[in-house]
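S.K.: what follows is a protein structure lacking sequence information:
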Ligand SMILES: C[C@H](O)[C@H](O)[C@H]1CNC2=NC(N)=NC(=O)C2=N1
């Protein structure tokens with residue numbers, strides 16, 4: 001199981017456009033419309049399944065909010081940081 005990151009490690013490693021919210025890291029990805037957002041959601045789900053690390057994702061018109069935490073560890077681990085970077089990679 002992945003170890004919890006320290007506050008310093010989290011702040012040092014937060015990927016671009018992500019922020020910390022307690023025991024989660026969060027980013028709102030923006031899109032031109034609902035179908036673009038849903039396409040991202042589907043691709044993100046594939047990356048999550050591939051990583052076997054699953055975020056909470058909320059889709060609204062033109063936005064997908066992604067929240068990551070490691071449930072097994074009870075907080076933020078390297079798994080969250082790594083998946084956040086991969087999600088940035090399919091959006092930015
Ligand atoms: C049994 C355990 O829940 C699974 O191995 C995986 C599934 N996906 C997961 N996703 C997240 N975000 N945290 C986990 O701890 C986690 N665990």
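M.R.: Sure thing, it's come through. This structure is a prediction, so every number in the text was calculated from the model and none was measured. Residues are numbered from 1 along each chain as shown.
S.K.: what about the strands in this structure?
M.R.: Listed from the start of the chain, the chain has strands (DSSP state E) covering 19-21, 24-30, 56-60, 63-68.
S.K.: can you name every helix or strand that the shortest one contacts?
M.R.: If I follow you right, that is strand 19-21. Using 3 or more Cβ pairs under 8 Å, 6 or more residues apart in numbering; DSSP states H and E, the elements in contact with strand 19-21 are strand 24-30. Quick note: C-beta positions are derived from backbone N, CA and C, even for glycine.
S.K.: ok, and what's touching the strand it packs on?
M.R.: Residues from elsewhere that reach strand 24-30 (Cβ atoms under 8 Å, 6 or more residues apart in numbering): 10, 14-15, 17-20, 37, 40, 62-69, 76, 80-81, 84, 87-88, 91.
S.K.: just the buried subset of those, please.
M.R.: For the contacts of strand 24-30, a burial check counting by 16 or more other Cβ atoms under 10 Å picks out 10, 14-15, 18, 37, 40, 64, 66-69, 76, 80-81, 84, 87.
S.K.: many thanks, we can stop here.
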